[in-house]
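1. Mind folding the following:
(3 chains)
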Amino acid sequence: MLHYLLKKLLFTAITLWVASMVIFALLEIVPGDPAQLMLGINASADAVAALREQMGLDLPLPVRYGAWIGGLLQGDFGVSYTYSVPVSELVGERLWVSLPLAIMALVLSTVIAIPVGLYSASRRGTRTDTGIMAFTQLGIAIPNFWFALLMVYLFAIWLQWVPAGGFPGWDQGLFKGLKSLILPAIALALPQAAILSRVTRSALLDVMGEDYIRTARAKGLTARAVLWRHALRNALIPVLTILGLQFAFLLAGTIIIENVFYLPGLGRLIFQAISQRDLIVVESVVILLVATVIFINLLVDLTYALVDPRLRQGTGRNAS
Amino acid sequence: MKILTNLAKTTALAAALTMSASFVAINAWAAKTDVTLGMVLEPPHLDPTAGAAAAIDEVVYANIFEGLTRIGSKGEVLPALAESWTVSDDGKVYTFKLHTGVKFHDGSDFDASDVKFSLDRARGEKSTNAQKALFKGIESVDVVDPATVKITLSAPAGNFTFNLGWGDAVIVAPETADSNKTNPVGTGPFKFSKWAKGSSIEMVKSDSYWGKPVALSKATLRFIPDPAAAVSAMLAGDVDGFANFPAPESIPQLKADPRFKVVIGSTEGETILSTNNKKAPWTDIRVRQAVAHAINRQAIIDGAMFGLGTPIGTHFAPHHPAYKADLINTYPYDLDKAKALLAEAGFPNGFKAVIKLPPPSYARRGGEIVAAQLRKIGIELEIVPVEWAQWLDQVFKKKDFDLTIVSHTEPQDINIYARKDYYFQYSSDTFNKIMTDLNLATDQAERYKLMGDAQTLITKEAVNGYMFELAKAGVWNAKLKGMWENAPVQATDLTGVSWAE
Amino acid sequence: MSAPVIEQLDAPETWRDVAKKALHNRSFLTGLIITTVILALAIISFFWTPWSITELDILLKLKKPSLEHWFGTDHFGRDIFSMIMIGARNSIAVALVAVGIGVLFGVPIGCWAAAKGGYADEVLMRTNDVIFAFPALLSAVMITAIFGPGAINAILAIGIFNIPVFARISRGAALSIWPREFIMAAEVAGKGKIRITAEHILPNMINLLLVQGTIQFSLGILAEAGLSYVGLGTQPPMSSWGRMLNEAQTMMSFAPHMAIFPGLAIVVTVLGLNLLGDGLRDVLDPRLRRER
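-> Have a look, this model is predicted:
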């Protein structure tokens, strides 16, 4: 097991290192001069040159890469060109929006999807089941930004129950904060819930087909008892895997929804930083995201390995 | 049982409705001394002396930072930190009498040495001031006594006090100059209190302000980049207003809503179809004139700006007294004439070209319409949308473009046509001579005449396609008083803003 | 098991069996009809649309739906139904090419990883993780920052995102096929790994790829709409459903038709494709669902 763990960790480190080089190189070829962008079209050439020097943009490429990586290893993510504050501070602020939003959306989609999936599975083949599944198809098909627009129109403009967007900050009170995150959370949760309930249903049905469930049924347990006691627990693995993926997606893949509700989240930070050529922010945040996803994958792999010792032997011939 | 649940449902619904109703009521009737305004762009930082972003001035100008002079809502020069000034007979020496008892927000005193420091810093070698050219004419800045500053120019400059009113010329303290980007310390009536990046900036009333205290206790500027989000924020009552509303298409709807006041004012933004004057076939004046004849300004204003904007015939603000209004008739909309000119220039069947469009909707929408209009005379435009960074790189720096649409928002910026190597690559000795004369002239009548000559020249030569002056669509709560109607400089001046009873 | 028959994994199904099943599958039929209609609209748009969308007539702007303009007109006076027809062409083209990129690169990568195993497998799969870790929208933003926006970039961004999807699924499928007896028989017969993959593994995952392809196709349409909505995708004068929604959103309260029809076009198309995919899965091989 130790050998397996070490090897996995080594691969993770190499992957991260390669990823860092790719990200850095990609951003180098992005045209546009951050200094010129900050000073605008009327700026004189020597003012731009002075700013470039101040930002360290005149240094050669390898030196800047070295400085960035060296900083990362010591936990220093650099200083944003545009905001002139440490990147870690920016990310920290944004996480206070993105993290609660992702968690809310995830909780919402789980709370909806698991019972729906369970119910649908227990009524397999009936009209209710077909109806629910058709509904989930619809949930997947609706573009979440369109759904968000419709919700803003209904709940914010017409009924005025919630703000149309923005985030007041948690210091304004928990209720106010939650109120401004509820619509985006619903918009994000809808397609996720639809997918998750389908996954839950089919995972349950798969488990129900297994031998030991048949045995349990033969022992005289009721269908409902079997569903609760045995099937659900075993169906949780695929469900959790999907949840893990969705969480990673929700952290940064929400740019569009953040735009609709003008939320100061992580996704919009990157979006903005790219258009302002705040390269150091883009580089550091992207490498953080990549690292997060890789670690989630690593955790999933390790969990599988713990559950199924056979996987530790081979070098990854695990069907995933 | 069923009846019971129904009853419970109804009660719950009623409760929910009352609750939401009372929310609205509380919001509307509490005595207000704070204001929340929406802004499209978030400033990158808050030091107006180290960046050109209009958003910086839109937050700090007149609110947090003050200069020796300031520009008022009608574009006039007003005294600010300087109580008064005198000019020597040769027009080269300005002596400013400063207000006394002025304090920076950190409690330190303001005096003449701060003025010297600020101006020397702005024109110094290491300066990253975006408008360094404003200070070029300054030969020296001398402290006469703590309340008097003498500025000597190398040559008389007619608009020197106007230039000192720019946001780039505000007075900062030496101790805090370097940290102003994140924690601005000025002498203004508001002091900076909080910046939630990507979301909002908050400032509060400064109790130690030297001048007339402001009515507001707190002002929050919220950044709402998306026009659609701006519309919903306004309609949902999330913000009290926008000094400059980004979605002209919803202006009629907001106008019809008694909750809001809509004020259409003017800006200094000449929106032009910039043309690459050194790239064939645009080097041929007949081609540029053909384009000028083929452009229907009113259709562009109606289609792209939903009717907001004033047609212009040259690169000058129509509300300025020196504007030459008759120039708009130089090239009337005439497709036959346009086609004839193109044929004469050797393009009877037109040609293909590229139009690069930066993000603002005046450019993106305007570009679509311009493309459709030029198609009628055989010029096929390929539309290439670019973000600002790309625009600066490709169009502004490398001059790799045929046409582009940009609004030039600096006040009285016709002098850019005299700049060497400016992106639309116009060069004319006649024009340069007019500008040199203008800089030296101090008599107003003579200045206006020279400005008129400059306008006539660039229009005659059809340097760029002159489309319209950007309008400023202000939208705010009907009870809010004192917002600026026009935008002579980029500012959200909150010093005169208050709530009606 | 009688020895010589090693090619077939399942009991042979004739096309007639499949067709019969298909005709009785409601999901498949509904999906097929919707998809056909959308495809037809897209093809017709090459030859004919009710109105021209390149000529702007500002006087006709923001007309409500009528007999003349079935879905109304937009802020430039263009006919929305015509724009939706041309938008269908755009969505389909982008999503189709993006799926093509995914299959073309993803499947060989997945098969190779499964055949090789060991470090090659590990390295490939980690690379996949990195690409997968990158939200499609982010790579689109980066690509746009380099090349400028346009349909090609949307295709690239979605296509790149599709590669790891197909790599994973084909690796998984290949891994489950490799231990089968008929593969072992082929190995014993001296066939090389490449040959086995081409002759035995690939044919046995075609159904799976077809089903996944349909799903990715519908996801591609959603993604294209999202990219165009934020201004990174298709550019004017070409019309795109996502961009139509973007233009519509500021006018929602007084011209709701501008937002409703393009939105419905997306929902209906994606729904149709998903139903088709679901139906295909049931019709082609019900067992696939469990193999995954």
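2. so who does C:Glu199 touch?
-> Shown in contact with C:Glu199 (C-beta atoms under 8 Å, 6 or more residues apart in numbering or on different chains): C:186, C:191. For every residue, glycine as well, the C-beta is placed using N, CA and C.
3. Residue 176 - how many residues pack around it?
-> No chain in the question, so chain A it is. If you count neighbours by other C-beta atoms under 10 Å in any protein chain shown, A:Lys176 ends up with 15.
4. The chain in question should be chain B.
-> 16.
5. Let me see the backbone angles for it.
-> Backbone geometry at B:Thr176, expressed as degrees, to the nearest 10, gives phi -110, psi 0.
6. B:Gly107 is in contact with that one, correct?
-> No. Between B:Thr176 and B:Gly107 there is no contact under C-beta atoms under 8 Å: 11.0 Å.
7. For the one residue in chain B that gets nearest to chain A, give its distance to B:Gln490.
-> In chain B, the residue that lies nearest chain A is B:Ala52 (2.7 Å; C-beta to the nearest C-beta). Distance, B:Ala52 to B:Gln490, using C-beta to C-beta, to the nearest Å: 10 Å.
8. Repeat that for C:Ile43.
-> Taking C-beta to C-beta, one finds C:Ile43 at 51 Å from B:Gln490.
9. so where do the helices sit in chain B?
-> B:2-29, B:54-60, B:112-123, B:160-163, B:227-236, B:251-256, B:285-294, B:297-305, B:335-344, B:361-375, B:388-390, B:429-440, B:444-460 (DSSP state H).
10. Contacts for the third one next, please.
-> By C-beta under 8 Å, 6+ apart, the residues outside helix B:112-123 that reach it are B:49, B:68, B:81, B:96, B:98, B:127, B:129, B:132, B:134-136, B:138, B:141-149, B:151, B:168-174, B:177.
11. If you count neighbours, what's buried in it?
-> Of all the residues in helix B:112-123, those buried under the rule 16 or more other C-beta atoms under 10 Å in any protein chain shown are B:112, B:114-119, B:121-123.
12. ok, so of these, who is nearest B:Ala372?
-> B:Ala122 (45.3 Å; C-beta to C-beta).
13. list the contacts for the residue in chain C positioned nearest to chain B?
-> Taking C-beta to the nearest C-beta, chain B has its nearest neighbour within chain C at C:Gln249, 3.7 Å off. Counting by C-beta under 8 Å, 6+ apart, C:Gln249 makes contact with A:149, B:228, B:231, C:259.
14. I'd like to know which of those is nearest to A:Ser202.
-> Closest to A:Ser202, out of all of the contacts of C:Gln249 and judged by C-beta to C-beta, is A:Leu149, at 31.5 Å.
15. Is it correct that that closest one falls within a helix?
-> Yes. Under DSSP: H, G, I helix; E, B strand; the rest coil, A:Leu149 sits within a helix.
16. To what extent is it buried, counted in neighbours?
-> 23.
17. The one 5 residues further on now?
-> Residue neighbour count, defined by other C-beta under 10 Å, stands at 12 for A:Leu154.
18. helices and strands around the longest helix along chain C, which ones?
-> If you go by DSSP H, chain C has its longest helix at helix C:80-116. Counting contacts by 3 or more C-beta pairs under 8 Å, 6 or more residues apart in numbering or on different chains; DSSP states H and E, helix C:80-116 is packed against helix C:26-47, helix C:118-133, helix C:151-177, helix C:193-196, helix C:202-229, helix C:241-248, helix C:257-284.
19. how about the helices in the stretch 151-300 of chain A?
-> A:174-208, A:211-218, A:223-226, A:232-252, A:255-260, A:266-275, A:279-307 (DSSP state H, counting those that start in this stretch).
20. Adding mean pLDDT and distance to chain B, write the ones you listed out as JSON lines.
-> Output for the helices of the stretch 151-300 of chain A, formatted as JSON lines (pLDDT from 0 to 100; distance: least, C-beta to the nearest C-beta, whole Å):
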{"stretch": "helix A:174-208", "mean pLDDT": "88", "distance to chain B": "9"}
{"stretch": "helix A:211-218", "mean pLDDT": "74", "distance to chain B": "35"}
{"stretch": "helix A:223-226", "mean pLDDT": "73", "distance to chain B": "24"}
{"stretch": "helix A:232-252", "mean pLDDT": "72", "distance to chain B": "14"}
{"stretch": "helix A:255-260", "mean pLDDT": "86", "distance to chain B": "6"}
{"stretch": "helix A:266-275", "mean pLDDT": "84", "distance to chain B": "5"}
{"stretch": "helix A:279-307", "mean pLDDT": "79", "distance to chain B": "11"}
